[in-house]
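> 3D, please:
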Amino acid sequence: MADEEIRQKYLELQMAAEQLKRMQMQMQALETKSQEIEANIQSFDELKGKKSSEMLTPIAEGIFLKAELKSDSHVIVNVGAGVCVKKTIEKAGKMLQERRDEINQYARELTLEVKKLAESMKGLEQELDKMVKERE
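Residues are numbered from 1 along each chain as shown. Predicted coordinates:
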């Protein structure tokens, strides 16, 4: 019976380690997304007052087209389901800031969950060590 309990505890620990790894990958993806949004916010700020200036516009990954900025006050925003709406740069920027804040909040919550899981794993390791020592 003791061997089966040890095996069960070891499996629990392995599953927790896999979950921790997935959560850490998710946190990394959230950090990357937050940085991308921050770069977009900065780009919006740089657009203000740049009407009629030449810029590079991405048309495919790694492929750009020289274009002239016709309006520095409005942008077209994809709101989902193939629907695009015209928004002021300020409103679009605020929308990005809200999205970034939501991502950062989720990352903070995930960090707390990671800490809880790490503590749980520590307890599992201690239990497993104790079970193995008692068996010997």
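
> which residues sit in contact with the residue nearest the centre of the chain?
Taking Cα atoms, centre = their mean, the centroid of the chain lies closest to residue 30, which sits 1.0 Å from it. Going by Cβ atoms under 8 Å, 6 or more residues apart in numbering, residue 30 touches 103-104, 106-107, 110. Any C-beta I mention is one placed from the backbone N, CA and C, and that applies to glycine too.

> same question, residue 87
74-77, 95.

> switch to 7 Å and redo it
Each residue near residue 87 by Cβ atoms under 7 Å, 6 or more residues apart in numbering is listed here: 74-75, 77.

> quick one: which of these is most hemmed in?
residue 75 (17 neighbours; other Cβ atoms under 10 Å).

> if we can go back for a sec, among the contacts of residue 87, which lie within strands?
Applying DSSP state E to the contacts of residue 87, the entries found in strands are 74-75, 77.

> if I look at residue 129, how far off is residue 81?
54 Å (Cβ to Cβ, to the nearest Å).

> which one of those two has more residues nearby?
Taking neighbours as other Cβ under 10 Å, residue 129 and residue 81 compare with residue 129 leading, 11 against 5.

> Could you export the ones in strands among the contacts of residue 87 as CSV, including distance to residue 42 and pLDDT?
CSV is the format used below for those (distance: Cβ to Cβ, whole Å; pLDDT from 0 to 100):
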residue, distance to residue 42, pLDDT
74, 19, 85
75, 15, 87
77, 17, 91
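
> Assess the claim that residue 48 and residue 72 are in contact.
Yes. When contacts are counted by Cβ atoms under 7 Å, residue 48 is listed as touching residue 72 (6.0 Å).

> follow-up on the earlier one: and the residue nearest to the centre of the chain, that one's in a helix?
Yes. Under DSSP: H, G, I helix; E, B strand; the rest coil, residue 30 sits within a helix.
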